[in-house]
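Enquirer: What shape does this take:
(one chain, ligands or ions: 1)
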Amino acid sequence: MSISTSVLSDLLQTLPHVRPQLYFKASLTALSHAMEDQVLAATLDHPLVIASFQRERFYRQEAHRYQRLADRSNQIYVLAAPETDFSNSSGYYEKIAFEQEDGLSQEWHLVVVAQNYATCLVCRESSGSVSKNNQMPELNIGLDMETARRFEGIWTSDRLVCLKAAELLLERIVVYRPELASKIEHARQRFGIGVDNANRGVTQDLLSSYSKVEEIPLDFCDIDTDPFVQRLVTYLQASQYKLHKAYRSIAAQARKERLINSITTAIRRSLNPHEVLQVAVEELGQHLEASRCLIYRAQASDAIAKIEHEFLSPGVLSVVGQTWHLQNNPLFQAIAQQGEGISVVNTVGDDRINSDSELSLIAKKFAIRSMLMEPVLFQGRLLGIVELHYCSLPPHQWQPGELDLVKAIATQVGSALIQAEAYANLEDLNQQLEALDRTRSNLIAITGHELRTPLSTIQVCLESLASEPDMPLELQQVMLSTALTDSERMRKLVQDFLTLSNLESGRVQWHPESLTIEECVELAISRFRTRSATEKQPKIKSKIAQNLPLIRADGDWLVEVLAKIVDNACKFTPPQGEITIKANRNKEQMLEVTVADTGRGIEPNRLEVVFDRFYQEEGALRRTTGGTGLGLAICRQIVNGWGGEIWASSRGKDKGSEFHFTIPIVEGSQEHKRSKVKSQ
Ligand code: ADP
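Expert: Numbers count the residues shown, from 1 in each chain. Prediction:
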């Protein structure tokens, strides 16, 4: 016979009426144990037991049972494909080490035959079942892989079938261990194995009348079947419980994956960190049924964090707008140092919280009973914290699954923040490039037009001075002063051009400080006065309101803006006119400064274009005022730099103009000075 054939196929061939069935591994284990227990129950007289294991390792799990079985019979044969030390031997029972290629290595058999009892289990592992090294990918969450293995075959108490199975297996044993031939022959004789139908003994005659029946009726054998059934039920229960647990863990895992997915999707869709953080707090807070879930940005060296993103369950007090102190917060410091999250089951009685008055105050004020702080890290760098609060009793016992989930979300949030940061950097870079591009076009404009005109005038003047030495002195003076005026204009133009280019490309250093608008206005006016002392100028009135708050801006730049606007107002207002400077707190809680004149005014469609580079109403060539056309463009850059706005208004031609701009206020400050009205 060939050892590569399957015992199951051989058996089915000889007994065509037997139909194989599908068994899960757990059922086979239960059935095998129940059959072995039947032998151990000592009601069988020296039965024949043949057990064939696919691999040595499966046998090893059962070896102790076979030692006990050996007390019941000397006809016990155990087969397995050896892996380490399993070999052909005769000890408590006969061991038969079959070859790897043997069909037996795909099969699982157990045959028990006694005088008044026979059961057999003859199965082959299904090809679609899990191979030992290759686990089913779709089930790799929480399910015990072994339970997914499937076998096809028969389990029966049909004595005919059992005898045939015993015959096939004994034949195979003799191939491996010929020295057992006589012992096996003894078993054959005793149980009538391999005897053809005509020569069958009494038992077979009795049985032949049941040949169409799958199982021997219970009254045929006087064996107590109770332990068998009990055993099966216990196994069934155990597998059911295992399955139930596996499904529960799969469901939890699926929920967790859905949550992480929805947050990941939000992250992919949005490059706006606020949006991402809001989605993350909402989803996480809801999923973990927290009272409050917060995510805030915080770096290891930060002193404070402002709470902006929050999930709240109904009836819980919001902490949005609160400032968390981080510098002396023992929990935050431990997280920043170790990069690991911290959970507190009960804030009442927690040493870390009690040791810090600020923390215990917050815990009390916002009824935080249990809390968790998880760092948002990216490549080891702390970017923020995910914080969960539970406010009700009993305190929340943190489960490992929850902690893992929060960690997973924190990781997603970390990548989202970095992604947004990278995008912002890219935007920044883009803006810088655009600014450079603007500088380039500025340069082309200035060299192509604005600089060429004065330069040619200077050239003409100097050339005539050089080529005509006889030129009258008076004319020489005119030539020289024209050249000087134009070179001064060029100097101003180049200076303004550089200032604007630096502002536009972000190469300007800002030094914001707390200032009073009054002192800045005074400085601007006095600077203006020294410059234009000789000419007759309109009257400048400073009407700064009382009790104005301090403002936050770079003082030098602020004076520059004021000076330029006042300078324009003077240029476009006749000497008998008037210029008024006012300042008030506006609806947006900014300080609004207004410089109003009674001059030539601006037409409505020009109110915005006056801020364009090189815009001058009368055109550069017909200029009478000596400006560069860059002043207002520079002012807009400066004001936008501190977060303010600048605009012009006018009631029309010759009805005067007003220039307005806003400056941020220093929070909580109030200036207490008497109102001053100054006039020039
Ligand atoms: P300039 O150096 O020519 O003053 P600006 O950018 O400061 O350049 O101003 C641009 C143009 O806006 C001016 O040439 C003028 O036409 C108009 N403008 C500015 N301020 C006033 C004002 N107070 N009244 C009327 N027109 C003004």
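Enquirer: What distance do you get for the residue of the chain most remote from its centre to Ser464?
Expert: Residue farthest from the centre of the chain, counting by Cα atoms, centre = their mean, is Asp470 at 84.6 Å. Going from Asp470 to Ser464 by Cβ to Cβ, to the nearest Å gives 11 Å. For every residue, glycine as well, the C-beta is placed using N, CA and C.
Enquirer: now do Leu169
Expert: From Leu169 to Ser464 the distance is 126 Å (Cβ to Cβ).
Enquirer: and the closest residue to the ligand within the chain, what does it touch?
Expert: When scored by Cβ to the nearest ligand atom, the chain has Gly627 as its residue closest to the ligand, at 2.1 Å. With contact set as Cβ atoms under 8 Å, 6 or more residues apart in numbering, Gly627 has these partners: Asn568, Lys571, Gln616.
Enquirer: how about JSON lines for those residues, with neighbour count, distance to the ligand and pLDDT added?
Expert: Formatted as JSON lines, those follow (neighbours: other Cβ atoms under 10 Å; distance: Cβ to the nearest ligand atom, whole Å; pLDDT from 0 to 100):
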{"residue": "Asn568", "neighbour count": "23", "distance to the ligand": "3", "pLDDT": "92"}
{"residue": "Lys571", "neighbour count": "18", "distance to the ligand": "6", "pLDDT": "89"}
{"residue": "Gln616", "neighbour count": "18", "distance to the ligand": "4", "pLDDT": "74"}
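Enquirer: Do you have the strands of the stretch 201-350 of the chain handy? List them.
Expert: 292-297, 304-306, 309-312, 323-325, 342-344 (DSSP state E, counting those that start in this stretch).
Enquirer: helices or strands next to the last one in the packing?
Expert: So the one you mean is strand 342-344. helix 330-338, helix 351-354, strand 370-378 (3 or more Cβ pairs under 8 Å, 6 or more residues apart in numbering; DSSP states H and E).
Enquirer: CA atoms only: put the helix or strand hosting Glu171 into PDB for me.
Expert: Counting by DSSP states H and E, the element that carries Glu171 is helix 159-176. This file holds the C-alpha atoms of helix 159-176, laid out as PDB (Å, rounded to 0.1, in the frame of the first residue of the first chain):
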ATOM      1  CA  ARG A 159     -19.100  -1.000  14.400                       C
ATOM      2  CA  LEU A 160     -18.700  -2.000  10.800                       C
ATOM      3  CA  VAL A 161     -17.100   1.400  10.000                       C
ATOM      4  CA  CYS A 162     -15.000   1.300  13.200                       C
ATOM      5  CA  LEU A 163     -13.600  -2.100  12.400                       C
ATOM      6  CA  LYS A 164     -12.800  -1.100   8.800                       C
ATOM      7  CA  ALA A 165     -11.100   2.100  10.100                       C
ATOM      8  CA  ALA A 166      -9.100   0.000  12.600                       C
ATOM      9  CA  GLU A 167      -8.100  -2.400   9.800                       C
ATOM     10  CA  LEU A 168      -6.800   0.400   7.600                       C
ATOM     11  CA  LEU A 169      -4.800   2.000  10.400                       C
ATOM     12  CA  LEU A 170      -3.400  -1.300  11.600                       C
ATOM     13  CA  GLU A 171      -2.200  -2.100   8.100                       C
ATOM     14  CA  ARG A 172      -0.400   1.200   8.100                       C
ATOM     15  CA  ILE A 173       1.200   0.600  11.500                       C
ATOM     16  CA  VAL A 174       2.600  -2.700  10.300                       C
ATOM     17  CA  VAL A 175       4.300  -0.900   7.400                       C
ATOM     18  CA  TYR A 176       6.200   1.300   9.900                       C
END
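Enquirer: Which strands or helices does that helix pack on?
Expert: By 3+ Cβ pairs under 8 Å, 6+ apart, helix 159-176 packs against helix 7-14, strand 48-52, strand 75-80, strand 94-97, strand 107-114, strand 117-125, helix 181-191, helix 202-208.
Enquirer: quick one, it and strand 75-80 angle?
Expert: 70 degrees (axes from the mean of the first three to the mean of the last three Cα atoms, to 10 degrees).
Enquirer: what angle sits between helix 159-176 and helix 181-191?
Expert: Going by the same axes, to 10 degrees, helix 159-176 makes 170 degrees with helix 181-191.
Enquirer: any idea of the angle helix 159-176 forms with helix 7-14?
Expert: Going by the same axes, to 10 degrees, helix 159-176 is angled at 130 degrees with respect to helix 7-14.
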